[in-house]
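1. sequence? don't have it. structure:
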């Protein structure tokens with residue numbers, strides 16, 4: 001079973017940047033699409049972005065298009081989330097997860113994902 005560990009969160013001012021990392025425990029990581037979700041207090045977990053197992057395809061939520069970039073390095077079993085032009089509404093706990101089914105199409109619903117990490121807090125504030 002793939003274990004995911006997120007890192008890179010923190011406090012940043014509006015307009016600033018952060019890069020999150022998601023590292024998997026197993027080499028089979030390269031067979032799975034990986035997604036980033038976020039959850040703000042009192043809200044449901046929402047899709048942010050995902051990348052295909054090969055790295056050839058990506059999908060973004062409208063709220064982050066043009067500001068966030070997802071990428072992966074299968075040799076390092078790591079997925080990155082570069083977040084630029086951050087806004088206060090980006091404040092949330094960010095989670096990465098692997099899709100349950102290998103080599104499938106990218107999904108945006110959280111129920112398609114398993115092996116969730118513990119999350120990393122991102123706070124955008126003055």
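-> Arrived safely, thanks for sending. Only a predicted model underlies this, so the values are computations on that prediction, with no experimental measurement involved.

2. which residue is nearest the middle of this protein?
-> residue 36 (2.3 Å; CA atoms, centre = their mean).

3. give the closest residue to it in space, chain neighbours not counted.
-> Leaving aside its sequence neighbours, residue 36 sits nearest to residue 48 (CB to CB, 6 or more residues apart in numbering; 4.4 Å). Where C-beta positions appear, they are placed from N, C-alpha and C, glycine not excepted.

4. following the helix or strand harbouring that neighbour, which helix or strand comes up?
-> Per DSSP states H and E: residue 48 is located in strand 46-51. Downstream of strand 46-51, the first helix or strand assigned by DSSP H and E is strand 58-60.

5. neighbouring strands - and their directions - for that following strand?
-> Sheet pairing of strand 58-60 (DSSP bridges) gives strand 46-51 (antiparallel).

6. contacts for the partner strand?
-> 33-39, 57-61, 64, 68, 70-72, 79, 81, 94, 99, 106-110 (CB atoms under 8 Å, 6 or more residues apart in numbering).

7. for the worst-scoring helix or strand of the chain on mean pLDDT, packing partners?
-> Within the chain, no helix or strand scores below strand 113-114, which has a mean of 92 by mean pLDDT, DSSP states H and E. With contacts taken as 3 or more CB pairs under 8 Å, 6 or more residues apart in numbering; DSSP states H and E, strand 113-114 sits against strand 92-99.
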